[in-house]
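Trainee: Quick one, structure for this:
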Amino acid sequence: MAFPYMEAVVGFMILMYIFETYLDLRQHAALKLPTLPKTLEGVISKEKFEKSRAYSLDKSHFHFVHEFVTIVMDSSILFFGVLPWFWKKSGEFVVLVGLNAENEILHTLSFLAGVMIWSQVTDLPFSLYSTFVIESRHGFNKQTIWLFFRDMIKGILLSILLGPPIVSAIIIIVQKGGPYLAIYLWGFMFTLSLVMMTLYPILIAPLFNKFTPLPSGDLREKIEKLASSLKFPLKKLFVVDGSTRSSHSNAYMYGFFKNKRIVLYDTLIQQCKNDEEIVAVIAHELGHWKLNHTMYSFIALQILTLLQFGGYTLVRNSSDLFRSFGFDTQPVLIGLIIFQHTVIPLQHLVSFGLNLVSRSFEFQADAFAKNLGYSAALRAGLVKLQEENLSAMNTDPWYSAYHYSHPPLVERLAALDEADKKEE
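Mentor: This next block holds a predicted model:
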């Protein structure tokens, strides 16, 4: 008797949903606490705390509903054989439009087109509610309904433009890969990631946001001086109009080798009136670069990708695995989908491990900025970002350890304080 792979996958999905819901309930209880953590008393105003609490609870209630609907849909699709049924119907559509359904690339693109339509339809109510009810209620949403749908249409058009050649290449590689399939797949995805990291900020990101050079002035001079002191090859310094969509704020950097760029959200500049606070945040980000965190993360991602493709090559010819999910044939894309579902337990463990490493990197980057003399400014900047983004002030330790790639503000401030005490 063949192993019931599909039933095992659905069972684990439900178990993980129960476990994560338990963590969500713990976090929800923490969010309901009426007082600030002791570390934040006198640091965060009562008004900001109440607003943060209301915002976090709204998002938590929404999350419970969204996750319940998601697990019901996902488990039903697998358990009731919707996946093989939809694959069959997509093949019939190919024939209906006068094309050859035996061509796996055409069949796969038809299947993906249907999946994209389905995901857009099912996700749309949640996206609209999140953006125009929750985010609007708490003063974050700045986009109009027209801008929302314009962004969605642009995303769909980009998928139609970029998806077919990528999917076609993957199918051909799997069909022709032979014993070195995992290496070929990894090489293709590695090259694709480099191309996309190069093209995204130049061609794709400007389709959604406007990037303008940071005007000359004290802030620009301070950031350029900091970058120069660290030998960071800063080529361009941009401000992005994040305020057209949301009042949330952020800053990030990107680029290869000697062509680095830093991007500041205009909301960050508006919220942090003190230039030193913004520079301290940038010092933190540059700490990630100086300490090679970005490189380590990229290497880890490549190793995990190679291992994942290696695992896929081991199971792609398992007819029992495909039959367990209701398939008589073994299409490349379906094999990838099934494999992703079968390694869910490992993915959760890996994700947890990566979060632990990421949290460690955040503490190191904070320490790096502190050592540059930005301790007070960094504390003020972190508090300002926490207040203005209405981030959760109270967090459950189990929930935080499992979900957060960045430590909560309480832990980051405590780490900075501990470093100050050691120096004294």
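Trainee: need the longest helix for this structure.
Mentor: helix 46-79 (DSSP state H).
Trainee: buried residues in whichever helix or strand comes after that one?
Mentor: Note on helix 46-79: by DSSP states H and E, the next helix or strand toward the C-terminus is helix 82-96. Neighbour-count burial for helix 82-96 flags 83-84, 87-88, 90-91, 93-94 (criterion: 16 or more other CB atoms under 10 Å). The C-beta positions use only the backbone N, C-alpha and C, and glycine is treated the same way.
Trainee: for those residues, which one is nearest Ser405?
Mentor: Closest approach to Ser405 among the buried residues of helix 82-96 (CB to CB): Leu83, at 30.9 Å.
Trainee: Do me a favour and average the pLDDT over stretch 367-385.
Mentor: Averaging pLDDT along stretch 367-385 yields 89.
Trainee: how about that stretch: buried residues?
Mentor: Buried, per 16+ other CB under 10 Å, within stretch 367-385: 367-370, 372, 374-375, 377-385.
Trainee: related to what we said a few turns ago, tabulate the buried residues of helix 82-96 in JSON lines, adding columns for distance to Lys59 and pLDDT.
Mentor: Formatted as JSON lines, the buried residues of helix 82-96 follow (distance: CB to CB, whole Å; pLDDT from 0 to 100):
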{"residue": "Leu83", "distance to Lys59": "31", "pLDDT": "93"}
{"residue": "Pro84", "distance to Lys59": "36", "pLDDT": "94"}
{"residue": "Trp87", "distance to Lys59": "36", "pLDDT": "95"}
{"residue": "Lys88", "distance to Lys59": "39", "pLDDT": "94"}
{"residue": "Ser90", "distance to Lys59": "36", "pLDDT": "94"}
{"residue": "Gly91", "distance to Lys59": "41", "pLDDT": "93"}
{"residue": "Phe93", "distance to Lys59": "39", "pLDDT": "93"}
{"residue": "Val94", "distance to Lys59": "42", "pLDDT": "93"}
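Trainee: ok, of the residues you listed, which one's closest to Leu413?
Mentor: Using CB to CB, Leu83 comes nearest to Leu413 of these, at 47.5 Å.
Trainee: The closest one reaches Ile334, doesn't it?
Mentor: Yes - assessed by CB atoms under 8 Å, Leu83 is found in contact with Ile334 at 7.4 Å.
Trainee: Just the ones in helices from the buried residues of stretch 367-385, please.
Mentor: Using DSSP H, the buried residues of stretch 367-385 in helices are 367-369, 375, 377-385.
Trainee: Now that we have the buried residues of helix 82-96, can you turn them into TSV and tack on distance to Met196?
Mentor: TSV is the format used below for the buried residues of helix 82-96 (distance: CB to CB, whole Å):
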residue	distance to Met196
Leu83	28
Pro84	32
Trp87	28
Lys88	33
Ser90	27
Gly91	30
Phe93	29
Val94	28
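Trainee: Out of those residues, which is nearest to Asp328?
Mentor: Pro84 (8.2 Å).
Trainee: Spatially, what comes nearest to the closest one if we skip its sequence neighbours?
Mentor: Distances taken as CB to CB, 6 or more residues apart in numbering place Gly326 nearest to Pro84, at 3.7 Å, with adjacent residues excluded.
Trainee: what secondary structure does the one you found sit in?
Mentor: Here Gly326 is coil, with the state taken from DSSP: H, G, I helix; E, B strand; the rest coil.
Trainee: Can you report phi and psi for it?
Mentor: The phi and psi values for Gly326, taken as degrees, to the nearest 10, are phi 90, psi 20.
Trainee: How much space separates it from Trp85?
Mentor: 8 Å (CB to CB, to the nearest Å).
Trainee: mind listing the helices in the stretch 151-300 of the chain by residue range?
Mentor: Ranges of helices in the stretch 151-300 of the chain, per DSSP state H, counting those that start in this stretch, are 181-199, 205-208, 218-229, 266-271, 275-290, 293-315.
Trainee: So which of those is the most surrounded?
Mentor: Mean neighbours per residue, mean count of other CB atoms under 10 Å, is largest over the helices of the stretch 151-300 of the chain for helix 275-290, with a mean of 22.
Trainee: Domain map for the chain?
Mentor: Per the TED database, the structural domains of the chain span 3-143+308-417, 209-286.
Trainee: Quick one: end-to-end length of the longest one, please.
Mentor: End-to-end distance of domain 3-143+308-417: 55 Å, with CA to CA, to the nearest Å as the criterion.
Trainee: before we move on, the earlier item: which one among the buried residues of stretch 367-385 gets closest to Leu158?
Mentor: Leu385 (30.0 Å).
Trainee: just the buried residues of stretch 367-385 now: which is nearest Leu307?
Mentor: Lowest distance from Leu307 to the buried residues of stretch 367-385 (CB to CB) belongs to Phe368, with 30.6 Å.
Trainee: wait, the closest one sits on His284?
Mentor: Yes - between Phe368 and His284 there is a contact under CB under 8 Å: 7.2 Å.
Trainee: hang on, the earlier thing: on the pLDDT front, check the residue nearest to Pro84 for me.
Mentor: Looking at Gly326, its pLDDT is 91.
Trainee: I'd like the numbering to begin with 663 instead of 1 from here.
Mentor: Shifting the count to begin at 663 puts that one at Gly988.
Trainee: roughly how far apart are it and Leu824?
Mentor: 30 Å.
Trainee: Please say which of those two ends up with more neighbours.
Mentor: Gly988 (17 against 14; other CB atoms under 10 Å).
Trainee: residues touching that one, list them.
Mentor: The neighbourhood of Gly988, defined by CB atoms under 8 Å, 6 or more residues apart in numbering, consists of 668, 743, 745-747.
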